[in-house]
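1. sharing a model that was predicted from the sequence below.
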Amino acid sequence: MAAPNAGPGSGISPSVEVSTPPTTRLFSAPFGADHLLGDWGGLQPWLRNHGVNLGLAWLTETAGNPVGGRRQGLTTSGQVGLEIDLDWEKIAGLRGLATHTMIVNGNGRSLSQDYIGDDINQVQQIYGSRGNVVARLVYMYAEQELANRRVILAGGWLPVGTYFAASPIYCSFVSVLNCGNPHPLPNYPGEPDWPNATLGGQVRVLPSHDTYVQLGAFDVNPRFGGISGWAWAQPGSTGISVPAEAGWSPSFGRSKLLGHYKVGFDYDSSPYADLFQDGHGAPYALSGADPVMRRSRREYYVLFDQMVHRDGDGLLAGLILFGGYVHADTDVSPISDHVFAGILGTGTFLGRPKDQLGFQWHWINMSQRLTRTQELQDAAAVPLAGGGLGTAYAPQGREQVFEWIYTAAAFRGIALSPDIQYMVRPGATSRIPDALALGVQTSLHF
């Protein structure tokens with residue numbers, strides 16, 4: 001059994017094969033099938049035959065901004081990830097039961113924060129939140145299949161984004177706007193994704209071979225298990241997050257052109273500070289009072305991807321169009337709207353069927369309530385509220401990001417990905433010059 005979604009910096013391979021029907025898994029395991037060290041002298045196939053799947057990957061991302069941003073610079077970030085999947089049906093005869101564990105070690109600096117001045121889009125997907133610890137626990141959860149694989153239960157220490165608003169396509173790119181879930185979904189404690197998680201669970205029901213509905217319930221705790229992810233008993237719960245999603249996964253024609261179409265919703269019962277008003281309905285930037293607390297937060301999304309041409313048997317082996325729209329409550333969410341679209345294809349026409357080429361475009365719209373607050377603070381020459389998204393250097397409105405990537409399967413288990421990103425209005429403000437970021441991601445799967 002394989003984990004259903006690859007998270008940021010997971011080292012997913014362009015040549016991942018579809019090992020299970022779409023009725024049981026939408027996505028394949030975080031790591032690809034190719035290993036730099038081969039089959040470990042026969043140990044890998046022996047372990048898999050006995051219900052143990054191990055993945056070990058090292059990812060690095062070096063990026064610099066020769067043009068634009070607050071100043072020019074170069075940074076490198078890195079991550080070592082260990083995936084442990086146990087099939088308890090093979091191990092102990094417990095039919096349909098599996099457990100999944102991911103542990104990472106992260107390091108490095110952020111180009112976006114240190115030089116560009118953009119806390120909305122992180123140029124390097126694997127930077128951030130991993131903690132200054134040797135081993136951060138990303139997830140540890142159990143998964144149970146019932147009713148001939150028509151019902152799937154999962155629970156434990158689990159990122160909400162593992163199952164909801166997820167796609168392996170998003171982490172084929174380097175920027176973090178999509179990987180692992182489109183913004184603003186991962187920006188709040190109620191919708192955590194890599195490398196953050198929370199205690200909770202979900203149930204997925206498959207009425208037919210190509211449709212599903214799923215519902216989750218997760219504890220909302222801004223402390224996210226402490227800096228290491230191991231502190232499950234950490235106090236600070238503020239409410240419950242209830243995501244819901246319905247999807248259709250059709251396969252068209254003889255070539256089995258696979259698509260994923262989904263709509264989703266998330267309700268978070270936690271209190272959040274209003275981005276503009278105080279308790280008397282006045283702008284808190286003028287009154288000096290605390291913002292009024294709103295009782296909940298809601299987010300909505302529509303996502304799709306559709307293969308239009310197939311070049312092989314792999315999940316991503318072909319030409320794929322994708323896109324989506326996410327909307328969040330403007331009262332409490334600093335990002336109110338996110339629209340994106342892109343194309344991802346293999347390098348078959350270049351004679352390199354394991355290579356990938358991709359382009360994506362993002363449009364980010366900030367909450368007008370946050371913008372109005374920042375304009376008042378800017379006029380008063382006081383520090384600007386960031387709405388929970390880091391430092392705001394000027395009143396924020398809109399930002400666009402264009403990204404081009406080429407992933408080359410350089411050798412068995414090694415992928416090199418030159419990447420270009422161009423940010424229009426970095427940090428969603430015209431006061432920071434448009435920025436060009438050039439980088440390369442290196443993935444080694446042992």
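-> Nice, I can see it. Numbers count the residues shown, from 1 in each chain.
2. show me the residue sitting in the middle of the chain in space.
-> residue 180 (1.0 Å; C-alpha atoms, centre = their mean).
3. low-confidence ranges, the chain, go.
-> 1-33, 127-132, 189, 224-226 (pLDDT under 70).
4. ok, back up a step: is it true that the residue nearest to the centre of the chain touches residue 170?
-> Yes: with contact defined as C-beta atoms under 8 Å, residue 180 reaches residue 170; the gap is 6.3 Å. Any C-beta I mention is one placed from the backbone N, CA and C, and that applies to glycine too.
5. Three-state assignment for the residue nearest to the centre of the chain, please.
-> coil (DSSP: H, G, I helix; E, B strand; the rest coil).
6. against residue 196, how distant is it?
-> According to C-beta to C-beta, to the nearest Å, residue 180 and residue 196 sit 10 Å apart.
7. could you do residue 107 as well?
-> 17 Å.
8. higher neighbour count, these two?
-> residue 196 (23 against 14; other C-beta atoms under 10 Å).
9. next one: phi and psi at that one?
-> As for residue 196, its main-chain torsions (degrees, to the nearest 10) stand at phi -90, psi 160.
10. I'd say it and residue 159 touch.
-> Yes: applying C-beta under 8 Å as the test, residue 196 and residue 159 come out as touching, 6.4 Å apart.
11. do you have the strands of the stretch 1-150 of the chain handy? List them.
-> Per DSSP state E, counting those that start in this stretch, the stretch 1-150 of the chain carries strands over the ranges 52-67, 74-87, 97-108, 136-146.
12. just the terminal-to-terminal distance for stretch 426-436.
-> Start and end residues of stretch 426-436 are separated by 10 Å (C-alpha to C-alpha, to the nearest Å).
13. tell me which residues in it are buried?
-> Neighbour-count burial for stretch 426-436, with 16 or more other C-beta atoms under 10 Å as criterion, is recorded at 426, 427, 428, 429, 432, 433, 435, 436.
14. check stretch 199-208 too.
-> By neighbour count with 16+ other C-beta under 10 Å, stretch 199-208 contains the buried residues 199, 200, 201, 202, 203, 204, 206.
15. I'd like those residues written out as CSV, with secondary structure and distance to residue 46 added.
-> Listed next are the buried residues of stretch 199-208 as CSV, based on DSSP: H, G, I helix; E, B strand; the rest coil; distance: C-beta to C-beta, whole Å:
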residue, secondary structure, distance to residue 46
199, strand, 34
200, strand, 35
201, strand, 32
202, strand, 32
203, strand, 34
204, strand, 31
206, strand, 32
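16. looking at the buried residues of stretch 426-436, spot the one nearest residue 302.
-> The shortest approach to residue 302 among these belongs to residue 428, at 22.4 Å (C-beta to C-beta).
17. so that closest one touches residue 393, yeah?
-> No: counting by C-beta under 8 Å, residue 428 does not reach residue 393; the two are 9.9 Å apart.
18. what is the longest helix seen in the chain packed up against?
-> In the chain, assigned by DSSP state H, the helix with the most residues is helix 368-379. Applying 3 or more C-beta pairs under 8 Å, 6 or more residues apart in numbering; DSSP states H and E, one finds that helix 368-379 makes contact with strand 272-278, helix 284-287.
19. following the last one, which helix or strand comes up?
-> Using DSSP states H and E, the next helix or strand after helix 284-287 towards the C-terminus is strand 291-294.
20. what residues sit buried inside that next one?
-> Of the residues in strand 291-294, 291, 292, 294 count as buried by neighbour count, 16+ other C-beta under 10 Å.
21. do stretch 236-250 as well
-> Buried residues in stretch 236-250 (16+ other C-beta under 10 Å): 238, 239, 241, 242, 243, 245, 247, 249.
22. let's have the residues you listed in CSV, adding secondary structure and distance to residue 333.
-> Output for the buried residues of stretch 236-250, formatted as CSV (three-state DSSP; distance: C-beta to C-beta, whole Å):
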residue, secondary structure, distance to residue 333
238, coil, 16
239, strand, 15
241, strand, 14
242, strand, 17
243, strand, 15
245, strand, 19
247, strand, 24
249, coil, 29
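23. the spatially closest residue to residue 429 that is not a sequence neighbour: neighbour count?
-> Leaving aside its chain neighbours, residue 429 sits nearest to residue 394 (4.0 Å; criterion: C-beta to C-beta, 6 or more residues apart in numbering). By other C-beta under 10 Å, 17 other residues sit near residue 394.
24. kindly report the same for residue 412.
-> Residue 412 has 12 nearby residues by other C-beta under 10 Å.
25. same thing with residue 209?
-> 12.
26. residue 386 now?
-> Using other C-beta under 10 Å: residue 386 sits among 17 other residues.
27. is it true that it touches residue 118?
-> No: in this structure residue 386 lies outside contact range of residue 118 using C-beta under 8 Å: 11.8 Å.
28. now the strands of the stretch 1-150 of the chain as TSV including distance to residue 164?
-> Output for those, formatted as TSV (distance: least, C-beta to C-beta, whole Å):
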stretch	distance to residue 164
strand 52-67	23
strand 74-87	20
strand 97-108	16
strand 136-146	14
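29. partner strands of the helix or strand that contains residue 341 and their direction?
-> In the assignment (DSSP H and E), residue 341 maps to strand 335-347. Sheet pairing of strand 335-347 (DSSP bridges) gives strand 318-328 (antiparallel), strand 352-366 (antiparallel).
30. which parts of it are buried?
-> Buried, per 16+ other C-beta under 10 Å, within strand 335-347: 335, 336, 337, 338, 339, 340, 342, 344, 345, 346, 347.
31. hey, what's the third one bridged with?
-> It stands for residue 337. In beta-bridge terms (that is, DSSP bridges), residue 337 pairs with residue 327, residue 365.
32. that older thread, most widely separated two among the buried residues of strand 335-347?
-> Most distant of the buried residues of strand 335-347, by C-beta to C-beta, are 336 and 347, 37.4 Å apart.
33. can you list the buried residues of stretch 199-208 in CSV and add distance to residue 442?
-> Shown next, in CSV, are the buried residues of stretch 199-208 (distance: C-beta to C-beta, whole Å):
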residue, distance to residue 442
199, 34
200, 34
201, 35
202, 34
203, 38
204, 35
206, 38
